[in-house]
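In: Compute the structure for the input listed below.
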Amino acid sequence: MSRELPTEDLPDEPTGPGGGPSILPTPPRLLVVAALLGAIAGWILGPVVTGAGRTPMHVPWTAPAALAVAAVGLAVMARRMWQAVHVRHEPINPERGLYSLVLGKSAALVGATVVGGYLVFGASFLPRLDAEAGLARVVGSALAALAGAGLGAAGIALERACRVPDDDEDGAPGDRPRSAG
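Out: Residues are numbered from 1 along each chain as shown. Presented below is the predicted three-dimensional model:
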């Protein structure tokens, strides 16, 4: 089994070093779409659960805690990758670079989705702060949304850290980035 990407049948894809495919940065529009999809899910969740005759779920403290731990781990990983690639100019194993890039992109999308979902879910309880556990749901949702934003930011930072400088036309290191993967 080969670990090389087939390049002969790729139509009009951006090319990286050596003419192979290149991975583009995550566009902000995609992050907005992910947040909107999360918001739709958070908006639908409350009425569906209530319509089924059940009490809307609480936001457990583990949700924002787990998101925050993941965000810190990714931020540390992004910092180490940035130091290796941009400060020390070390060669990075292509598989490590690709895996880190994919992890960063995934974390950015998950973070955006979580932000949208928890913000709308928590906002749906703002009119019912005096209801049973209404305030707890709003606070838990806000903390989870904040931790989700941290996860998304750490994912974007990791994605950017994976981009290595390319040589420009003169052969000197230039400012045009390309993906490490």
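In: Contacts for stretch 99-111 next, please.
Out: 23, 26, 30-31, 34, 67, 70-71, 74, 77-78, 81, 148-162, 179-181 (Cβ atoms under 8 Å, 6 or more residues apart in numbering). C-beta coordinates here come from the backbone N, C-alpha and C atoms, glycine included.
In: now with 6 Å?
Out: Residues outside stretch 99-111 that contact it (Cβ atoms under 6 Å, 6 or more residues apart in numbering) are 26, 34, 74, 81, 148, 151-152, 155-156, 158-159, 162, 181.
In: from those, which ones fall inside helices?
Out: If you go by DSSP state H, the contacts of stretch 99-111 have Ala34, Leu74, Met81, Gly148, Leu151, Gly152, Gly155, Ile156, Leu158, Glu159 in helices.
In: Narrow the contacts of stretch 99-111 to just the buried residues.
Out: Buried members of those, scored by 16 or more other Cβ atoms under 10 Å, are 26, 34, 74, 81, 148, 151-152, 155-156, 158-159, 162, 181.
In: Spatially, which two of the residues you listed are the most separated?
Out: Gly148 and Gly181 (24.8 Å; Cβ to Cβ).
In: neighbouring contacts of the helix or strand Val76 falls within?
Out: Under the criterion of DSSP states H and E, Val76 resides in helix 62-82. With contact meaning Cβ under 6 Å, 6+ apart, helix 62-82 is reached by Ser100, Ala107, Leu143, Ala144, Ala147, Gly148, Gly150, Leu151, Ala154, Ala157, Leu158, Ala161.
In: how much space between the residue most central in space within the chain and Ala35?
Out: For the chain, Ala108 is the residue whose C-alpha lies nearest the centre (Cα atoms, centre = their mean; 1.1 Å). Distance of Ala108 to Ala35, computed by Cβ to Cβ, to the nearest Å: 11 Å.
In: Shouldn't Pro165 be within a strand?
Out: Yes - per DSSP: H, G, I helix; E, B strand; the rest coil, Pro165 lies within a strand segment.
In: what about Ile23, distance to Leu36?
Out: In terms of Cβ to Cβ, Ile23 sits 24 Å off from Leu36.
In: of these two, who's got more company?
Out: Applying other Cβ atoms under 10 Å to Ile23 and Leu36 shows that Ile23 carries more neighbours, namely 20 against 14.
In: ok so the more buried one is a helix residue?
Out: No - Ile23 is assigned coil when assessed by three-state DSSP, not a helix.
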